[in-house]
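> generate coordinates for the sequence data below:
(2 chains)
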Amino acid sequence: QQQVKQSPQSLIVQKGGISIINCAYENTAFDYFPWYQQFPGKGPALLIAIRPDVSEKKEGRFTISFNKSAKQFSLHIMDSQPGDSATYFCAASMDDYKLSFGAGTTVTVRA
Amino acid sequence: DTGVSQDPRHKITKRGQNVTFRCDPISEHNRLYWYRQTLGQGPEFLTYFQNEAQLEKSRLLSDRFSAERPKGSFSTLEIQRTEQGDSAMYLCASSLQGSGGYTFGSGTRLTVV
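Below you'll find the predicted structure:
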């Protein structure tokens, strides 16, 4: 049973556009929500993370929006670049250890 | 410190053989995790160590799987009597308790033929 549901499965965006990936969770005990970026043949790399006491966190071109009441969070990639083409995973955990991952979104940025 | 190291990067084995993977975490991290990732899916939790103690094992980890972390440093994951369904990327990660974020290694890709 997947505890974190992620959509869309894939998306294509033009260079300079905005990529938006959405995730939903059921377990209200989750208290840490990271996003990971993964390139082919590599392990996932932590991109940005948020805790439920804030509704938004921005780091460079990457922003997490968090809606605690709806149990949803999303990743926005602004000014998308070809180097952003990768698979993105949302995840959630409680007590800072075991992560439950979404199924991933493959982002393709067209030049 | 160069991050989390995993060895080997790739392993091809015949069904029924035993395989062992090694993970060297970031030295100051006291938590170590093993995950499994199949094509087109997110990583799935297998097991977790805090220092040398194995504190949780997923039900995905059948009796053919065993993990150790002697002396709280490197860890090994052994799969006995491999099956084709074991083919996957095996990812190791480490973290410092309370920090939230993991650092993953590049994984060991296992192919069982």
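
> for chain B, what spans make up the strands?
Under the criterion DSSP state E, chain B contains strands at B:5-7, B:10-13, B:19-24, B:31-37, B:44-50, B:53-57, B:65-68, B:75-79, B:88-95, B:103-104, B:108-112.

> those strands: which one's closest to A:Lys71?
A:Lys71 lies closest to strand B:44-50 among those, at 20.4 Å (Cβ to Cβ). All C-beta spots, glycine's among them, are computed from the backbone N, C-alpha and C.

> show me where pLDDT drops low in chain A?
A:1 (pLDDT under 70).

> please pick out the residue of chain B most distant from its centre.
Using Cα atoms, centre = their mean, the residue of chain B lying farthest from its centre is B:Gly98. It sits 21.0 Å away.

> tell me who's in contact with that residue.
Residues near B:Gly98 by Cβ atoms under 8 Å, 6 or more residues apart in numbering or on different chains: A:Asp96.

> swap in A:Ser65?
A:55-56, A:73-74, A:76.

> top of those by number of neighbours, please.
Most neighbours among those, by other Cβ atoms under 10 Å in any protein chain shown: A:Phe73, with 25 neighbours.

> kindly list the single helix or strand of chain B that scores lowest on mean pLDDT.
strand B:53-57 (a mean of 92; mean pLDDT, DSSP states H and E).

> check whether it comes near chain A.
Yes. With Cβ under 8 Å from any Cβ of the partner chain as the criterion, chain A is reached by strand B:53-57 at B:Glu56.

> who does that strand pair up with?
Its sheet considered, strand B:53-57 pairs with strand B:44-50 (antiparallel) by DSSP bridges.
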